[in-house]
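[1] Sharing a sequence plus its predicted fold:
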Amino acid sequence: MAQINKPGLHFNTKLYTGNGSTQSISGVGFQPDWTWIKKRNAAVGHRLTDAVRGATKTIFSDDAAAQATLSTALTAFDSDGFSLGSETGVNNNSDTYVSWNWKANGAGSANSDGTLASTVSVNTTAGISIVKYTGNGSAGATVGHGLGAKPKVIILKSYENGQQWAAYWSALGATKYMRFNTTNGQATSNARWYDTEPTTSVFTIGNDGEVNTNTEDQIAYCFAEKPGFSKFGTYTGNGADGSTSNNFIYTGFKPAWVIVKRSNDSGQQWTICDSVRSPTNVADSMEWLFSENSGAETDEDLPYLLSNGFMPRTGHTYMNRSGFQYIYMAFAENPLVGSNNIPAVGR
């Protein structure tokens, strides 16, 4: 499988400051198809918008609420970024924001691989697929994802109603599911993924309303692993402080964005770190946010983002409590060795 040597063509983090009016945010490096925005300096919900549902259509990673139409939030996906209105969650005057941006393939096209027809916006090079489908309420339905490879992660929302988010992690298996908008640990049910692993063309769903509400639309963000760009998996915490006994998680690239969740226990956050808000591996601070929590950005001392992976630097319960299992997904800033054969360096 070919390595992706320019991951910035498929994922990028962009910071900006609100102006309380309208503005276009450029410098993303591509036209994004999924943009996730979070206000950094105050408590306000995460805004997730994609090109398949359409600009102005927002769902919230920290809330089970139905999709909202926010006509003055993200108003358009542009060739090098996106445009904003005056909605305070994305553009309040003088407030600071982070946007995480992924490249798929525009508004998508019809896919008939599954028993349920889907609309799929897919970037097969980077293993990114945005899938919209209408549920039928029947266990064992299948949905085409278009990746041409087995997805390792699926993050799904029934967005026409107040259903919880559901997440599949291949490392946990299809009998398990996570809730992206809560601190719950993994749960067992055949009503989410029907105890059936995804294939290279479809994923299978049960009859639970979180994944298959009859006559209502669902959106799924699907990811296949690609060398030099993405890595998804699990690790076991060892409680080490990063100075005497490292707990190193190898990705094969310098991470640009990492999310980690303790999976075999409840009450722990989905912790998000990126290399733009925290550009250096300093000893006493790392800017992090939580997908299920609307709170402002906080400073903590984990993790190190290295040239070939990441390393929790304390035994903090969010990332490295001894003996507990963690799931993660990571996207690259640089591959370990790029097309010019120059190794990436840590921060």
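    All right, it came through fine.
[2] contacts and neighbour counts: CA atoms only from here.
    OK.
[3] and the gap between S201 and T115?
    Distance, S201 to T115, using CA to CA, to the nearest Å: 12 Å.
[4] Who has more neighbours out of the two?
    S201 (19 against 14; other CA atoms under 10 Å).
[5] and stretch 37-48, average pLDDT?
    Here stretch 37-48 scores 97 as its mean pLDDT.
[6] no wait, stretch 80-87
    Rounded mean pLDDT across stretch 80-87 is 98.
[7] quick one: low-confidence parts of this structure?
    242-245, 280-286, 301-302, 336-347 (pLDDT under 70).
[8] Which parts of it are helices?
    Here the chain has its helices, by DSSP state H, at 88-91, 190-193, 209-212.
[9] Deepest in the core, which of the ones you listed is it.
    For the helices of the chain, the largest average neighbour count (mean count of other CA atoms under 10 Å) is found in helix 209-212, namely a mean of 26.
[10] Now for Q325: which residues touch it?
    By CA atoms under 8 Å, 6 or more residues apart in numbering, the contact set of Q325 is 234-237, 262-264.
[11] Could you say which of those residues is surrounded by the most neighbours?
    R262 (29 neighbours).
[12] pretty sure that residue is touching T182, no?
    No - counting by CA atoms under 8 Å, R262 sits too far from T182 to count as a contact (11.8 Å).
[13] what touches both of these two?
    Common neighbours of R262 and T182 (criterion: CA under 8 Å, 6+ apart): Q269.
[14] Could you export the helices of the chain to a markdown table, including columns for distance to H316?
    Putting the helices of the chain into a markdown table (distance: least, CA to CA, whole Å) gives the following:
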| stretch | distance to H316 |
| --- | --- |
| helix 88-91 | 30 |
| helix 190-193 | 31 |
| helix 209-212 | 31 |
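[15] Looking at the ones you listed, which is nearest to K14?
    helix 88-91 (12.8 Å; CA to CA).
[16] Could you chop the chain up by domain?
    Domain assignment for the chain, taken from automatic domain parsing, gives 10-102, 109-223, 230-335.
[17] Now do the second one: distance from first to last residue.
    Length of domain 109-223, first residue to last, CA to CA: 18 Å.
[18] so which of the helices of the chain comes closest to T125?
    Using CA to CA, the helices of the chain put helix 190-193 closest to T125, at 25.4 Å.
[19] For that closest one, which outside residues touch it?
    Outside helix 190-193, the residues touching it (CA under 8 Å, 6+ apart) are 139, 166, 168, 174-177, 203-208, 210-211.
[20] Show me those that map onto strands.
    Counting by DSSP state E, the contacts of helix 190-193 place 166, 168, 176-177, 203-205 in strands.
[21] All the strands of the stretch 151-300 of the chain, residue numbers only.
    With DSSP state E, counting those that start in this stretch as the criterion, the stretch 151-300 of the chain has strands at 153-158, 166-169, 176-177, 187-188, 202-205, 217-223, 230-236, 249-250, 253-262, 271-274, 286-290, 298-300.
[22] Point out the most buried one among the ones you listed.
    Among the strands of the stretch 151-300 of the chain, ranked by average contacts under mean count of other CA under 10 Å, first place goes to strand 253-262 (a mean of 26).
[23] Show me what that strand is in contact with.
    So strand 253-262 is in contact with 12-13, 185, 228-229, 268-276, 305-310, 318-319, 324-337, 344-346, going by CA under 8 Å, 6+ apart.
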